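Undergrad: What shape does this take:
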Amino acid sequence: MEIDPEGLEGFFEFVLAHLDEKQRRLVSGAMARLLGRGGPTAVAAASGLSRNTVMDGAAAFDAGEAPSQRVRREGGGGPRREDTDPNLLMDLDDLVEPDSRGDPMSPLRWTLKSTRQLANALRAMGHRVSSWKVAELLHQMNYSLQATAKVVEGAQHPDRYDQFVYINRLAGERIDAGQPVISVDCKKKELVNGRKANKGQEWQPKGKPERVDVHDFPDKEVPKAIPYGVFDVGANEGWMSVGDDHDTAAFAVNAVRRWWNTMGREHYPEATTLMVTADAGGSNGYRNRLWKAELAKLAAETGLTITVCHYPPGTSKWNKIEHRMFSFITKNWRGKPLTSYQVIVELVAGTTTETGLRILAEWDHGYYPTGTEIKDEALAALPLDGHEWHPEWNYELAPPGRTRRRKTAK
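TA: As a prediction, the model looks like this:
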């Protein structure tokens with residue numbers, strides 16, 4: 001039988017991602033027998049499975065192996081690839097993210113790159129991984145492959161995807177030049193005081209679960225904790241200010257200030273610019289005048305030209321801090337009642353990963369009143385310059401004495 005290598009590889013790329021280990025072995029063996037002479041070699045090359053695995057499957061096919069609930073044979077299998085190669089998931093996410101589409105707020109995201117292309121790129125980075133393993137990992141990471149008929153996304157901003165590309169390109173250039181790039185956002189506010197339930201599970205002595213309150217009613221005397229995070233993309237380090245007043249722009253910028261004075265200045269002693277990626281709304285939104293006024297103060301204090309790039313409305317989950325920092329913090333405090341602001345600080349600071357993530361945290365006791373108004377004259381006086389590409393989303397604030405570009409937008 002004549003073998004079509006591309007067709008065979010496409011078949012396995014689609015099928016193997018949906019099968020367990022035993023099913024992959026049997027399907028590959030059956031296909032090898034169907035192809036006849038040269039079948040095991042062709043199947044091994046197309047599927048990414050070892051030739052021995054394919055031959056084992058073929059032998060099981062010949063023997064008419066009886067159905068069994070067991071996936072692996074006795075003594076079979078080794079550690080998962082993502083456990084022995086801790087950078088694999090992060091590198092895969094980096095490869096997929098710039099070209100991802102769909103609504104990132106949805107439980108499912110989808111990618112335009114094939115698993116074959118992704119596997120080739122990962123192998124070029126030194127990872128040992130097959131296309132079907134990539135498909136398995138993508139499913140674990142809540143990506144899915146969709147048909148072209150589902151490309152239309154509804155009433156989204158027409159430049160939404162191009163803004164993602166713009167941010168990724170600019171951030172890459174800054175990191176390559178040794179300049180700091182940070183991702184900022186406010187994590188979900190948390191109830192404090194008493195022993196409120198926290199989702200998740202952790203190891204405890206059998207029959208002795210952590211006792212928590214039945215109801216999660218907030219305490220009017222104890223405000224919710226406001227965790228505002230700063231993630232240093234290049235250094236894989238983070239900072240979190242845990243506030244107890246209001247989530248205002250002044251609070252958000254002070255978190256950036258605390259990161260710079262505590263961590264950033266040490267890492268980037270020669271820095272002249274700071275790039276900030278942020279959501280489109282909230283205390284760091286692109287329409288928030290106080291956010292820009294406070295950043296202008298920070299630029300004057302630090303001598304840095306601050307470049308801000310906002311993600312388009314409705315795409316906050318694309319911000320790197322969400323999956324590079326917040327997700328690990330959530331895992332670290334799962335199942336633990338957050339009984340005080342200091343407990344939150346300690347749990348955040350205790351969050352680490354095998355890839356070297358380090359986070360410092362601090363309880364911010366500051367007072368941040370709401371309702372601060374920045375009038376038109378004050379806004380016009382800010383050292384604010386918009387980029388040519390969507391100046392409402394992308395702009396810079398220069399320190400005194402620094403050459404400014406032509407002002408194109410507020």
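Undergrad: Got the domain ranges for this structure?
TA: Listed by automatic domain parsing, the domain ranges of the chain are 5-63, 84-150, 160-397.
Undergrad: gap between the first one and the chain center?
TA: Relative to the mean C-alpha coordinate of its chain, domain 5-63 is positioned 34 Å out (Cα atoms, centre = their mean, to the nearest Å).
Undergrad: just the last one next, same as before
TA: Distance of domain 160-397 from its chain centroid, counting by Cα atoms, centre = their mean, is 14 Å.
Undergrad: average model confidence for it?
TA: Averaging pLDDT along domain 160-397 yields 87.
Undergrad: What is the end-to-end distance of it?
TA: 23 Å (Cα to Cα, to the nearest Å).
Undergrad: Just give me the residue right at the centre of this protein.
TA: Note on the chain: the residue nearest the mean C-alpha position is His323, at 2.6 Å, using Cα atoms, centre = their mean.
Undergrad: Once you drop chain neighbours, what's closest to it?
TA: In space, and not counting its chain neighbours, His323 is closest to Asp93: 6.8 Å by Cβ to Cβ, 6 or more residues apart in numbering. Quick note: C-beta positions are derived from backbone N, CA and C, even for glycine.
Undergrad: So which elements touch the helix or strand hosting the one you found?
TA: Per DSSP states H and E, Asp93 falls inside helix 88-96. With contacts taken as 3 or more Cβ pairs under 8 Å, 6 or more residues apart in numbering; DSSP states H and E, helix 88-96 sits against helix 81-84, helix 115-124, helix 131-140.
Undergrad: Mind checking those helices for the one nearest to Asp56?
TA: Of all these, it is helix 131-140 that lies closest to Asp56, at 16.7 Å by Cβ to Cβ.
Undergrad: just the CA coordinates of that closest one, formatted as CSV?
TA: What follows is helix 131-140, C-alpha atoms only, in CSV (Å, rounded to 0.1, in the frame of the first residue of the first chain):
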residue,chain,number,x,y,z
SER,A,131,2.6,16.9,18.1
TRP,A,132,0.1,14.7,19.9
LYS,A,133,1.7,15.6,23.3
VAL,A,134,1.3,19.3,22.3
ALA,A,135,-2.4,18.7,21.6
GLU,A,136,-2.7,17.0,25.0
LEU,A,137,-1.1,19.9,26.8
LEU,A,138,-3.2,22.5,24.9
HIS,A,139,-6.3,20.7,26.1
GLN,A,140,-5.0,20.8,29.7
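Undergrad: Report the mean confidence score over that helix.
TA: Across helix 131-140, the average pLDDT comes to 80.
Undergrad: And it, what's buried?
TA: Within helix 131-140, the residues that count as buried by 16 or more other Cβ atoms under 10 Å are Ser131, Trp132, Lys133, Val134, Ala135, Glu136, Leu137, Leu138.
Undergrad: Using JSON lines, please lay out the residues you listed together with distance to Ala121.
TA: Output for the buried residues of helix 131-140, formatted as JSON lines (distance: Cβ to Cβ, whole Å):
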{"residue": "Ser131", "distance to Ala121": "11"}
{"residue": "Trp132", "distance to Ala121": "16"}
{"residue": "Lys133", "distance to Ala121": "13"}
{"residue": "Val134", "distance to Ala121": "9"}
{"residue": "Ala135", "distance to Ala121": "14"}
{"residue": "Glu136", "distance to Ala121": "17"}
{"residue": "Leu137", "distance to Ala121": "13"}
{"residue": "Leu138", "distance to Ala121": "13"}
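Undergrad: Tyr268 and Lys320, how far apart?
TA: As defined by Cβ to Cβ, to the nearest Å, Tyr268 lies at a distance of 18 Å from Lys320.
Undergrad: quick one: average confidence on the helix or strand where Phe11 lies?
TA: Element membership for Phe11 (DSSP H and E) is helix 5-15. For helix 5-15, mean pLDDT is 81.
Undergrad: got the angle between the next helix or strand after that helix and helix 131-140?
TA: In the C-terminal direction, the helix or strand that comes right after helix 5-15 (DSSP H and E) is helix 21-35. Between helix 21-35 and helix 131-140, the angle formed by their directions is 140 degrees, by axes from the mean of the first three to the mean of the last three Cα atoms, to 10 degrees.
Undergrad: Who are the packing partners of helix 21-35?
TA: Using 3+ Cβ pairs under 8 Å, 6+ apart: helix 21-35 touches helix 5-15, helix 39-47, helix 51-63.
Undergrad: How are the strands of this structure distributed by residue range?
TA: Applying DSSP state E to the chain gives strands spanning 100-101, 109-111, 143-144, 181-186, 226-232, 237-243, 273-278, 305-310, 358-364, 384-386, 394-397.
Undergrad: Now tabulate these in TSV and tack on mean neighbour count and distance to Val43.
TA: TSV is the format used below for the strands of the chain (neighbours: other Cβ atoms under 10 Å; distance: least, Cβ to Cβ, whole Å):
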stretch	mean neighbour count	distance to Val43
strand 100-101	17	31
strand 109-111	20	26
strand 143-144	16	26
strand 181-186	24	44
strand 226-232	25	44
strand 237-243	26	45
strand 273-278	23	45
strand 305-310	22	47
strand 358-364	19	45
strand 384-386	20	57
strand 394-397	24	50
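Undergrad: Take these and lay them out in CSV including distance to Val27.
TA: Shown next, in CSV, are those (distance: least, Cβ to Cβ, whole Å):
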stretch, distance to Val27
strand 100-101, 30
strand 109-111, 24
strand 143-144, 21
strand 181-186, 42
strand 226-232, 42
strand 237-243, 44
strand 273-278, 44
strand 305-310, 46
strand 358-364, 44
strand 384-386, 56
strand 394-397, 49
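Undergrad: With respect to Thr330, which of the ones you listed lies nearest?
TA: Closest to Thr330 of these is strand 226-232 (Cβ to Cβ; 10.5 Å).
Undergrad: got the angle for the longest helix anywhere in the chain vs strand 305-310?
TA: For the chain, the helix with the greatest residue count under DSSP state H is helix 160-176. Helix 160-176 and strand 305-310 meet at an angle of 150 degrees, taking the same axes, to 10 degrees as the criterion.
Undergrad: elements contacting helix 160-176?
TA: By 3+ Cβ pairs under 8 Å, 6+ apart, helix 160-176 packs against strand 181-186, strand 273-278, strand 305-310.
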